[in-house]
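Visitor: I need the structure of the sequence given here:
(chains A and B)
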Amino acid sequence: MQSDTTPTNQSSSKPVVTRRLDKFFTNLADVSAFVARFFREAVLPPYEFKEIIRQCYEVGYRSLLLISTTGFITGVVFTNQSRPSLSEFGATSWLPSLIAIAVVRALGPLVTALIASGKVGSSIGAELGSMNVTEQIDAMEVSGTNPFKFLVVSRVLATSVTIPVLTMYTIFLALLGAYLNVNQNEQTSFTSFFQEVFGAITYTDIFASLTKSVVFGFTIGMVGCYKGYHSSKGTEGVGKAANSSVVTAMFLVFIEELLSLQIISAIRGN
Amino acid sequence: MPFGETNHLLSLATSNTHKNNPSPDRQSASETEPIISIHGLKKSFGDLHVLRGIDLDVNRGENVVVLGRSGTGKSVLIKIIVGLLKPDTGRVMVLGQDVEQLRGQELDEFRQKVGFSFQSSALYDSMSIRENLEFPLIRNVRNLTQGEIDRAVEEALDDVGLSQTINQMPSELSGGQRKRIGIARTLMLKPEIMLYDEPTAGLDPITSIEINNLINEVKERFKATSIIITHDLTCAKTTGDRIAMLLDGRFERVGTFEEVFADSDERVQQFYNYNFIN
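Guide: Residues are numbered from 1 along each chain as shown, chains lettered A, B, ... in the order given. Okay, here's the model as predicted:
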């Protein structure tokens, strides 16, 4: 926590561009050190299994209602919006395949990650920020507990594990919403809808989706923890940490989505 | 404030946590043995030179009060003692160990012997009072049964007169209650040294007296050596065996309360007059 309590000395004589560049590289070095420390602490004993399980429960439980609603609505809305385009070509029978590919490959992981960024990322940022401001992290450190391992490693591992599970849940609910919409409009049966769905997706799709979700989960947890752990002192710092956690995590999720699209396309060879 | 019988679990905690570095019997140790030794300590934050050469020896079983204006580096000093901050230059020897050289497990073990009572109490918001008090025991003492932990928590709460708060959350407590719970949590591992950061800040006079009495009782019962950071002269007079006055980044005056405030230095007198005349 030493760096947190140490005011930085910024000379006013430096040109603005250099100062910004300095700050950028300093932040980059801080983030790299934080991520490197996570991997080091995560593999070295003792392991905080109890806390990891508690955090998994917290992450899952906190997001469940919102994820359920959003996943279901995404399926219904996406189906409804896709129908007119397909019906122009008389191809409404392709709806289950189209929805399956869109939901499994992109919408499921993305929607889950965005909801989790807002719900979980902000919560982690605010909680750790508040603990930092009120010296709870220092208190943990002086009582002989490694706060990084207890607070950061457990939360990042929890988001990395739980968000893929939530993604699968979102995909299921989105498909369920899509089925209800298709069933109402095209009178397609449950069996034939899901036959079409599973016919359209491959193991690569599911594996890629899960891998992407692990990366999203890691990013959300890491950003929330970094922002909270390095929040400036005062209540304003807590608000900034929470806000910045959401904005940064969402931004990074979109960048990662773009990168993963390129990688998966290259793997598929298209 | 009632203090119960000696807690055998706390002794167990001590024997467990200190087994790698056996400490001398506190009862028979020389009262004049320096347990904290600070020499030539300097600390700056950028252009701000906070500590400009601190020298201080604290003897075993002694309460030393560090007085000084806000922002003069009092809290920085005790954060350096416990290894939360690193000094720019100088040496801090605590319990015979150079704090700056301690790393990892060694530092954790050292910190179990040094209790730190934070200005903000630093109770874990997401945990109940019971969980707050259990935390240091569960983390640092192995092979304790739940029954033993429960008994230790109940006795600790009884010691600070707050048994009824066991299932409450920190947010439900008053400032004075939080301070007392914070001190009780620190005492769960029976530290040899207690560092109090502004123990009476923001408290009413009656609660401040209770906290001062608690500090003295901790000294009596646990034979703990304490450094008390404050700018409350009543607290300083009540709890301090010696006063160290931090002026311009150095301990300009060190001695008993009467010796320090017998000085005609304008800064010292301003401090005294504000507390006792205004």
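Visitor: ok, stretch B:206-224 near chain A or not?
Guide: No: against chain A, stretch B:206-224 shows no contacts by Cβ under 8 Å from any Cβ of the partner chain, the least distance being 15.1 Å. The C-beta positions use only the backbone N, C-alpha and C, and glycine is treated the same way.
Visitor: Which residues outside that stretch are in contact with it?
Guide: Residues outside stretch B:206-224 that contact it (Cβ atoms under 8 Å, 6 or more residues apart in numbering or on different chains) are B:1, B:3, B:6, B:26-27, B:61, B:63, B:115, B:160, B:174-176, B:179-180, B:183, B:187, B:190-194, B:196, B:199-200, B:203, B:226, B:228, B:232, B:234-235, B:238-239.
Visitor: Just the buried residues of these.
Guide: Buried members of the contacts of stretch B:206-224, scored by 16 or more other Cβ atoms under 10 Å in any protein chain shown, are B:61, B:63, B:115, B:160, B:176, B:179-180, B:183, B:187, B:190-194, B:196, B:199-200, B:203, B:226, B:228, B:232, B:235, B:238-239.
Visitor: Please pull out the lowest mean pLDDT helix or strand from the chain.
Guide: Since no chain was named, I'll use chain A. None of the helices or strands of chain A scores lower by mean pLDDT, DSSP states H and E than helix A:2-5, at a mean of 40.
Visitor: ok, back up a step: narrow the contacts of stretch B:206-224 to those in strands?
Guide: B:63, B:115, B:193-194, B:196, B:226, B:228 (DSSP state E).
Visitor: Spit out the contact partners of A:A139.
Guide: Applying Cβ under 8 Å, 6+ apart, we find A:A139 in contact with B:116, B:118, B:122, B:124.
Visitor: rerun at 6 Å
Guide: B:118, B:122 (Cβ atoms under 6 Å, 6 or more residues apart in numbering or on different chains).
Visitor: And the helices in the stretch 1-150 of chain A, which stretches?
Guide: With DSSP state H, counting those that start in this stretch as the criterion, the stretch 1-150 of chain A has helices at A:2-5, A:16-43, A:49-88, A:95-102, A:108-116, A:122-133, A:136-142, A:147.
Visitor: which of the residues in the second one are buried?
Guide: Of the residues in helix A:16-43, those buried by neighbour count under the rule 16+ other Cβ under 10 Å are A:34, A:38, A:41-42.
Visitor: and the two most separated of those?
Guide: Spatial extent of the buried residues of helix A:16-43 (Cβ to Cβ) is set by the pair A:F34 and A:A42 at 12.4 Å.
Visitor: residues near the residue in chain B positioned nearest to chain A, how many?
Guide: For chain B, the residue closest to chain A is B:G46, as judged by Cβ to the nearest Cβ, at 2.6 Å. Neighbours of B:G46 under the rule other Cβ atoms under 10 Å in any protein chain shown: 11.
Visitor: Likewise for B:F257?
Guide: If you count neighbours by other Cβ under 10 Å, B:F257 ends up with 18.
Visitor: go on, the one 10 residues further on?
Guide: Other residues lying near B:R267 total 15 when counted by other Cβ under 10 Å.
Visitor: so who does it touch?
Guide: Neighbours of B:R267 in contact, by Cβ under 6 Å, 6+ apart: B:L247.
Visitor: pretty sure it is in a strand, no?
Guide: No: counting by DSSP: H, G, I helix; E, B strand; the rest coil, one finds B:R267 to be helix, located in no strand.
Visitor: how close does it sit to B:A201?
Guide: B:R267 sits 21 Å away from B:A201, going by Cβ to Cβ, to the nearest Å.
Visitor: Check B:L246 too.
Guide: Relative to B:A201, and taking Cβ to Cβ, B:L246 is found at 16 Å.
Visitor: how much space between B:M127 and B:V153?
Guide: Taking Cβ to Cβ as the measure, B:M127 falls 12 Å from B:V153.
Visitor: in the stretch 51-200 of chain B, which spans are strands?
Guide: B:63-68, B:89-94, B:97-98, B:114-117, B:193-197 (DSSP state E, counting those that start in this stretch).
Visitor: most packed of those?
Guide: strand B:114-117 (a mean of 27; mean count of other Cβ atoms under 10 Å in any protein chain shown).
Visitor: which helices and strands does that strand pack with?
Guide: Judged by 3 or more Cβ pairs under 6 Å, 6 or more residues apart in numbering or on different chains; DSSP states H and E, strand B:114-117 is in contact with helix B:175-187, strand B:193-197.
Visitor: can you do 8 Å?
Guide: helix A:136-142, helix B:175-187, strand B:193-197 (3 or more Cβ pairs under 8 Å, 6 or more residues apart in numbering or on different chains; DSSP states H and E).
Visitor: So the shortest one, near chain A or not?
Guide: This points to strand B:193-197. No: Strand B:193-197 lies apart from chain A when judged by Cβ under 8 Å from any Cβ; the minimum separation is 8.7 Å.
Visitor: That strand pairs with which strands?
Guide: Sheet pairing of strand B:193-197 (DSSP bridges) gives strand B:114-117 (parallel), strand B:225-230 (parallel).
Visitor: Enumerate the positions of the helix or strand just after that strand that are buried.
Guide: Downstream of strand B:193-197, the first helix or strand assigned by DSSP states H and E is helix B:205-222. Within helix B:205-222, the residues scored as buried using 16+ other Cβ under 10 Å are B:207-208, B:210-212, B:214-215, B:218-219, B:222.
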